[in-house]
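[1] Structure for this input, please:
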Amino acid sequence: MRFTWKLFVTILCIVAISLSASGYYLVEDSFTTTMEREVKRSFEDLIFIRFSYETAAANTPGRELSDDKIEGIGSKLKESGLPHSYSFWIRGTNGEVLFQSSSDEQDLISLEGLQGGSGRYRVVRKEARYRIDIACQVTAGERAVYLELSRDISDIFLARHRQMEVLVQLTGVILSLSAILIWLLSYFLTRPIRKLSIGTREIARGDYAKRVLVRGHNEVSELAQDFNRMAQAVEEKILSLEEAAHRQEEFTANFAHELKTPLTSIIGYADMLRSSPLSQEEQLVCANYIFGEGKRLEALSFKLLDLFVLRRGDFSKRRVEAEWLLQSVCNIYRPAGDQAGVVLRVSAQEAALHVEPDLIKTLLLNLVDNARKASQPEQTITIEGRVSGGRYRVEVRDEGRGMEETELGRIQEPFYMVDKSRARQQHGAGLGLSLCREIARFHDTDLSFWSQVGKGTRVWLELEIDVGEEPGEYEG
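    Numbering: from 1, shown residues only. Down below sits the predicted model:
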């Protein structure tokens with residue numbers, strides 16, 4: 001059963017039960033009050049008739065009342081007019097009828113144990129009529145008799161029956177109106193839930209941008225807000241997965257393309273060496289091409305291995321002196337720089353860093369190598385380190401070719417190369433900055449770039465400063 005129907009049926013049942021119970025209680029309470037008042041009045045009338053009987057008996061000659069005298073007293077009481085149209089009987093102590101004001105036959109009330117001024121009553125139903133019988137003992141003229149009154153009270157029960165009919169009709173009308181109002185209430189209360197259900201189905205069909213409108217400040221609006229937050233998280237996760245899948249596809253395609261070019265050259269030149277008679281000079285040219293493309297494949301495999309190890313490896317950071325770290329990078333790369341004719345310069349402010357030194361060296365060597373590839377002889381490559389805003393900023397800048405602004409957003413993508421022909425001549429694979437980005441993320445930072453065509457490029461990142469007083473395991 002739908003929640004709307006459950007809510008509708010539940011509220012309607014509560015209203016029906018409450019209305020019926022309260023109405024029945026009111027009718028029964030009114031009936032009980034009327035009956036108590038009727039019984040009380042009947043006893044008052046019985047006391048009046050008993051007093052009249054005792055007065056008449058006292059005025060009768062003789063000490064002992066015979067049956068005839070009692071019958072005469074009863075006739076006088078009947079002629080004097082009984083209150084409220086009573087029928088009455090006078091009975092002896094053995095239950096024999098000494099006088100009756102009516103010829104109607106009826107079961108007389110039980111008189112066993114009835115003594116003194118005590119009275120007894122009963123309500124009797126006969127066919128469709130109701131009556132009240134009431135009796136008491138009277139002693140007059142040294143003879144005890146029982147007075148019994150009977151009166152029709154069917155109008156009281158008829159009034160209760162009519163009240164019940166009115167209650168049923170009124171309950172039906174109220175429940176009909178309540179059903180309409182409750183249905184509207186249930187519909188509007190569950191409308192936000194239906195919207196959530198529709199939004200859920202749309203998200204399941206792939207519309208991850210779907211959101212529901214939040215109104216009010218109640219549990220349903222809180223649920224809608226939670227749903228929107230969940231949908232936002234799902235959308236971001238899906239976009240992240242799609243982006244990762246796209247990068248993976250692009251990585252695979254680029255990797256296949258990067259393998260295809262050197263392999264084609266290697267196979268072609270190897271086939272020439274195998275199948276064609278070549279001069280020594282031509283053989284040397286072919287061998288150089290094969291060697292160069294092999295070196296590029298080797299560089300590609302090493303870069304991929306570095307990326308794999310970085311993503312799967314377990315590295316620990318330690319305390320390292322910044323000046324020693326930057327100077328060691330310069331010393332490692334100085335032979336390659338001298339061979340290319342570029343000038344390497346280091347400027348480092350003293351500080352202790354909390355890093356993994358081998359990874360940072362790899363990162364900086366890649367940045368310096370990229371700067372060297374973009375530079376001309378006699379140009380300067382600077383490695384600078386300084387404290388900035390509570391962290392240590394390391395920057396590599398060159399005076400080389402520079403890049404267009406549109407290329408800055410893609411240079412960290414795997415296999416992306418600004419100048420592919422120049423990169424292949426220098427055995428580049430387009431994976432250096434991807435590796436640098438992974439190393440930067442491991443150190444809870446990121447690479448930042450500035451470049452302008454003809455003026456050079458600047459790359460920087462901010463590293464954590466080790467503020468511990470004890471040096472611990474210290475390098476430099």
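
[2] can you map out the helices along this protein?
    3-58, 67-80, 154-204, 219-275, 280-312, 322-340, 357-374, 405-408, 420-425, 432-442 (DSSP state H).

[3] got CSV for those helices, with mean neighbour count too?
    The way it works is simple: take the backbone N, C-alpha and C, and place the C-beta from them, glycine included. Below are the helices of the chain laid out as CSV (neighbours: other C-beta atoms under 10 Å):
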stretch, mean neighbour count
helix 3-58, 14
helix 67-80, 16
helix 154-204, 14
helix 219-275, 13
helix 280-312, 15
helix 322-340, 16
helix 357-374, 21
helix 405-408, 12
helix 420-425, 14
helix 432-442, 21
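
[4] Lowest average pLDDT across those helices?
    The minimum mean pLDDT among the helices of the chain belongs to helix 420-425 (a mean of 44).

[5] can you pull the pLDDT of residue 152?
    87.

[6] Any idea what residue 318 is bridged to?
    residue 355 (DSSP bridges).

[7] didn't residue 157 look like it was pressed against residue 128?
    No: assessed by C-beta atoms under 8 Å, residue 157 is found out of contact with residue 128, at 9.3 Å.

[8] give the contact list for residue 75.
    The contact partners of residue 75, by C-beta atoms under 8 Å, 6 or more residues apart in numbering, come to residue 99.

[9] show me the contacts for residue 460.
    Counted by C-beta under 8 Å, 6+ apart, residue 460 has contacts 393-396, 447-448.

[10] Count the residues that sit near residue 320.
    Using other C-beta atoms under 10 Å, residue 320 is surrounded by 23 other residues.

[11] Could you double-check that it lies in contact with residue 352?
    Yes: with contact defined as C-beta under 8 Å, residue 320 counts as touching residue 352 (7.1 Å).

[12] Could you chop the protein up by domain?
    The chain breaks down into these structural domains: 3-162, 208-314, 315-475 (assignment by automatic domain parsing).

[13] can you list these in CSV and add distance to residue 191?
    CSV is the format used below for the domains of the chain (distance: least, C-beta to C-beta, whole Å):
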stretch, distance to residue 191
domain 3-162, 9
domain 208-314, 9
domain 315-475, 45
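
[14] Residue 75 versus residue 339, what's the distance?
    154 Å (C-beta to C-beta, to the nearest Å).

[15] Could you do residue 98 as well?
    11 Å.

[16] what does residue 338 give?
    Taking C-beta to C-beta, one finds residue 338 at 155 Å from residue 75.

[17] Residue 206 now?
    Residue 206 is 104 Å from residue 75, by C-beta to C-beta.

[18] Kindly report the same for residue 351.
    Distance from residue 351 to residue 75, by C-beta to C-beta: 133 Å.

[19] again with residue 285
    Taken as C-beta to C-beta, the span from residue 285 to residue 75 is 159 Å.

[20] And for residue 219?
    Distance from residue 219 to residue 75, by C-beta to C-beta: 82 Å.

[21] cool, and residue 188?
    77 Å.

[22] cool, residue 369 as well?
    Relative to residue 75, and taking C-beta to C-beta, residue 369 is found at 142 Å.

[23] residues contacting the spatially most central residue of the chain?
    Most central in the chain under C-alpha atoms, centre = their mean is residue 223, positioned 4.8 Å from the mean C-alpha point. Residues in contact with residue 223 (C-beta under 8 Å, 6+ apart) are 192-193, 196.

[24] can you list those residues in a markdown table and add distance to residue 386?
    Output for those, formatted as a markdown table (distance: C-beta to C-beta, whole Å):
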| residue | distance to residue 386 |
| --- | --- |
| 192 | 56 |
| 193 | 59 |
| 196 | 54 |
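
[25] just those residues now: which is nearest residue 169?
    Comparing the contacts of residue 223 against residue 169 with C-beta to C-beta picks out residue 193 as the nearest, at 36.3 Å.

[26] okay, now residue 151: neighbour count?
    Counted with other C-beta under 10 Å, residue 151 comes out at 19.

[27] Just give the closest residue to it, not the sequence neighbours.
    residue 86 (5.0 Å; C-beta to C-beta, 6 or more residues apart in numbering).

[28] how far away is that neighbour from residue 136?
    13 Å.

[29] Might one say that residue 442 is in contact with residue 360?
    No: contact criterion C-beta under 8 Å: residue 442 and residue 360 do not qualify, at 9.8 Å.
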